[in-house]
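J.: Build me a structure from this.
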Amino acid sequence: MKLHLCLMQVLIVHQICASMGIHSIEKVLKAKLGPGFTLIHPEGPLSPLPAYISSRCGFVYNKRFFSPDINAWYELKEKKESEEGESKYIYTRQPDRDRVHSADKMPTSMQIGIENYHSVLLKMFPSPLGDLSIKTSRNNAFIAFLSDKEVSKHAYRILASLFLLSDGVNVPLILSKTDKAVTLTLKNLKNNTDHFSLNMTVPRLVAMNKGLIKEKHVFQNDAVFIFEYFLRVKDSTLVTDKEYSSSVSYNEFKKGQFLNSPKWLMQAYIFEYISTPENYIAFSMVVHEMLCEYLEAARSDQNMNIQHIDSIFYRYFISEEDTARQFDYIKIMKEIQGSKSEHNISPFSADVQVPSAQRTPIYIRSKKEFISETFNNSVEASLLGVFFCLLYCPNTESYSTHHILHASEELTNFFCKYDTPFKATGAAVYKDWSRVVSGLCNNYIVYTGANRNRLEPGIVNMLCVITTITGTFETEKKTLDYIIREINKEHPKEAIFKTLEKYATNLFRSLSVGESGTLLDDIGESNKHISCFSLGHAHDNSRNVKVSLEKPQITSIADERKDIYGTIVITYKDKKEKAGVILTSDTQDMKITNFPEFNQDWLSLSNKVNRLLWVNKLRRKKTFASCMVLHYLNQKMKKALPESDQTENLIKKITDTKEGTHAYLEKFLLMDTIQMPEHKLTLVYRMLLHKIGHSISQNDPIARFISNIIGSEFLDQTETLNKFISCITITGMNRQICPRINSVDDKVIEYDCCTDMLKEGFKYCITANKPLSARVQFIKTALELGETCIRTVSS
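T.: Numbering: from 1, shown residues only. As a prediction, this is how the structure comes out:
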């Protein structure tokens, strides 16, 4: 029994690892669901397209982690002892301890509704490891209830019931309580029987003392809370109010009020839960069956409005004949993404994100176990992104290490387990990747963290790791020794940078999977001891990989060794397509970004005209689906702008903000995923500048929003902590607006790191026509921060 439950839990976790892409959504919208050639209405609530865009643009991620209604839990504690140059603080972030900010002492019904909504959001997206996820190990979580053996048979019908309730449909779902049990029942309106009747206490495997695991019956209180909420909310203003349920005009949509809609929340959850088009079609057929059952019963009730009943059905479904007259959103989405083909040369498409830094547990290789202490895995994540590119085969849309003859066991196992691209790299993936790259037994590899974790972000160090885990270090050692000797000379020659470029190009070619999953002819069993530095041009079946090094610098690292830092641009071609990634490295971090999403075709005059036509058509449609696609298009166009223009757009959005409504900050959650450190810093600083001359308390929504953003960064990195505290100090705000960092000792903050901020701030005070008192306050703050800042402002 225990083994069966374990397998069930593993299968459910595997089932919900990835979400659908645009081609899968197209397949769903073309599927015939029943008699009369019924299809899902492309503009209806059942269409997965809005949920896809919400996920792709980061709406759900931003709402879960940065909403001012959520009190994100993080902690910054001073170390008892710290070595010179080491962080003086220990940073801890535990999303599973996030809570909802309580409403006022005398809250309105709307405030109570918003508070309950965010409580449900936290239970549906627990995200315990910091990446957006409906999964958690808690035995009383909603996903635990849905994955139970008996409950999972009815999972689609349960989700369909909640979805219809969120849209105001009076589904006969009943939660009954007695002294002995709590039961969830769905009535069958055709024959007055039950579709299901489920006990809300289910068997789970629970960890006991001394590492024992025992089966216990666990009351599913999270699921009960969620069911009670949706049963209660079906008639509330959050469902019936247009402002929340379905923005029609784009101007209303941009306010982001729909992010507080139960229907939007259910759409987002279902999209995360269902990972394949076949499963989504099966779910849609359940919705179709339940709506038909409800409508048939409602028509027999003389008190019901027949016209209203029919309108409910036709909002969800449409005949195949009528689809020809519908707007083709999928065609526009494909044009926007440039994905006319289902096969992309790069694993990082519109549906797959590049790996980004997270906190990940320390791995002790000697014991093959993890400990609770974590580290910033920016280098490890970047390295994983490089391997995703090199080992991806476009024809099979999968990763392969078959061509790497002596790959480490851990590398082989990793890509056997994760053999296809997935939407976002989660915490579980990073833990498994640590097994590959942490604690390697090679003295050439430098780590900066405990137990040989956290790779030093030098480029040569990265190459040493790559050759080690691919089993080619011994053949490459001579070349690597030469590069290391040259950069460690007192006056290194610049020619070493070209040597490194050529070496990295040939190394990556030798590791790259070709269009048919093949390797260069030059690398075979007979030539396995030849350094890749001697390789010639790539074989026809292999991608033409090229590495270029930009703005390289040689800097000393640990043990008086030196390494090279700068920007590495890795491009690869396959037939006529071109893709690549950009690695940026300094002495603190490394990050990887995808190639700019805009090619020359996007910038051509004809496509500019097309985009203008799309914008006009979408604005005229005035449906929720059209607003979603229009926003997606606008976000794409904004990304093509220079960074200075993007900053100006942000400033305008902030200065145009009208406070007073409860959710006036929701529009900032529509700005693309708030993930990059530079983006977070700019957003925090510009918001604080906007409030210069005004006092804000820690309970102000803008203070809560800023606190959540700051708490999402690696605050145990001195430079990061300096920057965010400088933002608060420069703008004359009290650090108590972020109480979780209020204990930081002023002596450890280097305010002179923010000289550019002072220039920007002073300029903003003038251009934004801030009161004279605010300008004086800003100059006074600059004077208090020291001579460096004074010189900056006066220049």
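J.: so where do the helices sit in the stretch 251-400 of the chain?
T.: With DSSP state H, counting those that start in this stretch as the criterion, the stretch 251-400 of the chain has helices at 262-273, 277-299, 306-316, 320-323, 329-337, 378-390.
J.: Pipe those into TSV and attach distance to residue 474, mean pLDDT and mean neighbour count per row.
T.: (Glycine included, C-beta is placed from N, CA and C.) Below are the helices of the stretch 251-400 of the chain laid out as TSV (distance: least, Cβ to Cβ, whole Å; pLDDT from 0 to 100; neighbours: other Cβ atoms under 10 Å):
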stretch	distance to residue 474	mean pLDDT	mean neighbour count
helix 262-273	45	96	24
helix 277-299	47	92	18
helix 306-316	63	82	14
helix 320-323	61	84	13
helix 329-337	43	85	19
helix 378-390	20	92	24
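J.: Just send the ones you listed back as CSV, with distance to residue 757 too.
T.: Formatted as CSV, those follow (distance: least, Cβ to Cβ, whole Å):
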stretch, distance to residue 757
helix 262-273, 36
helix 277-299, 47
helix 306-316, 50
helix 320-323, 53
helix 329-337, 35
helix 378-390, 23
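J.: In the stretch 651-795 of the chain, where is pLDDT below threshold?
T.: Scanning the stretch 651-795 of the chain for pLDDT under 70 picks out 659-663, 746-755, 782, 785-795.
J.: Domain boundaries for this structure, per the record?
T.: According to automatic domain parsing, the chain comprises the domains 2-66+102-174+218-323, 359-594, 641-794.
J.: Distance from the first one to the middle of the chain?
T.: Going back to what we said before, that points to domain 2-66+102-174+218-323. Here domain 2-66+102-174+218-323 is found 20 Å from its chain centre; the criterion is Cα atoms, centre = their mean, to the nearest Å.
J.: Of all the helices of the stretch 251-400 of the chain, which one comes closest to residue 742?
T.: Closest of the helices of the stretch 251-400 of the chain to residue 742 is helix 378-390, at 26.9 Å (criterion: Cβ to Cβ).
J.: So for stretch 362-379, first residue to last residue, what's the gap.
T.: End-to-end distance for stretch 362-379, by Cα to Cα, to the nearest Å: 14 Å.
J.: tell me which residues in it are buried?
T.: Residues of stretch 362-379 classed as buried: 362, 363, 364, 365, 370, 374, 375, 376, 377, 378, 379 (neighbour count, 16 or more other Cβ atoms under 10 Å).
J.: try stretch 727-739
T.: 727, 728, 729, 730, 731, 732, 733, 737, 738.
J.: So which of the residues you listed are in helices?
T.: Of the positions in the buried residues of stretch 727-739, 727, 728, 729, 730 sit in helices, assigned by DSSP state H.
J.: Could you dump those into a markdown table and include distance to residue 21?
T.: Below are those laid out as a markdown table (distance: Cβ to Cβ, whole Å):
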| residue | distance to residue 21 |
| --- | --- |
| 727 | 37 |
| 728 | 41 |
| 729 | 45 |
| 730 | 43 |
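J.: Can you tell me which of the residues you listed is nearest residue 179?
T.: Taking Cβ to Cβ as the measure, residue 179 lies nearest residue 728 of those, at 53.7 Å.
J.: Now do the same for the residue lying closest to residue 666 once chain neighbours are set aside: its pLDDT.
T.: Residue nearest to residue 666 in three dimensions, not counting chain neighbours: residue 256, with 3.3 Å by Cβ to Cβ, 6 or more residues apart in numbering. With respect to pLDDT, residue 256 scores 91.
J.: Need the phi and psi values for residue 256.
T.: Backbone torsions of residue 256, given as degrees, to the nearest 10, read phi 80, psi 10.
J.: quick one on the thing from earlier: tell me the one among the buried residues of stretch 362-379 nearest to residue 105.
T.: Checking the buried residues of stretch 362-379 against residue 105 with Cβ to Cβ, the nearest one is residue 374 at 37.9 Å.
J.: what is the nearest residue to the closest one once chain neighbours are set aside paired to in the beta sheet?
T.: Sequence neighbours aside, residue 359 is the residue nearest to residue 374 in space, at 4.1 Å (criterion: Cβ to Cβ, 6+ apart). Beta-bridge partners for residue 359, by DSSP bridges, are residue 376.
J.: so what's residue 359 up against?
T.: Residues near residue 359 by Cβ atoms under 8 Å, 6 or more residues apart in numbering: 93, 130, 374, 375, 376, 377, 714.
J.: My guess is the fourth one contacts residue 452. True?
T.: Pointing back at residue 375 there. No - using Cβ atoms under 8 Å, residue 375 is not in contact with residue 452; the gap is 11.0 Å.
J.: Was I right to think residue 234 contacts residue 170?
T.: Yes - with contacts counted by Cβ under 8 Å, residue 234 reaches residue 170, the gap being 6.8 Å.
J.: So which of the two has more stuff around it?
T.: residue 234 (21 against 11; other Cβ atoms under 10 Å).
J.: so where's the stretch 301-450 of the chain shaky on pLDDT?
T.: For the stretch 301-450 of the chain, the ranges with pLDDT under 70 are 304-305, 338-344, 349-352, 423-424.
J.: could you redo the last one with a cut-off of 80?
T.: Counting by pLDDT under 80, the ranges of the stretch 301-450 of the chain that qualify are 301-310, 324-325, 336-346, 348-353, 394-397, 421-427.
J.: That one: strands as residue ranges?
T.: When secondary structure is read from DSSP state E, counting those that start in this stretch, the stretch 301-450 of the chain shows strands at 317-319, 359-364, 369-376, 392-393, 398-399.
J.: Partner strands of the fourth one, with direction?
T.: Yep, that's strand 392-393 we're talking about. When sheet partners are counted by DSSP bridges, strand 392-393 sits next to strand 398-399 (antiparallel).
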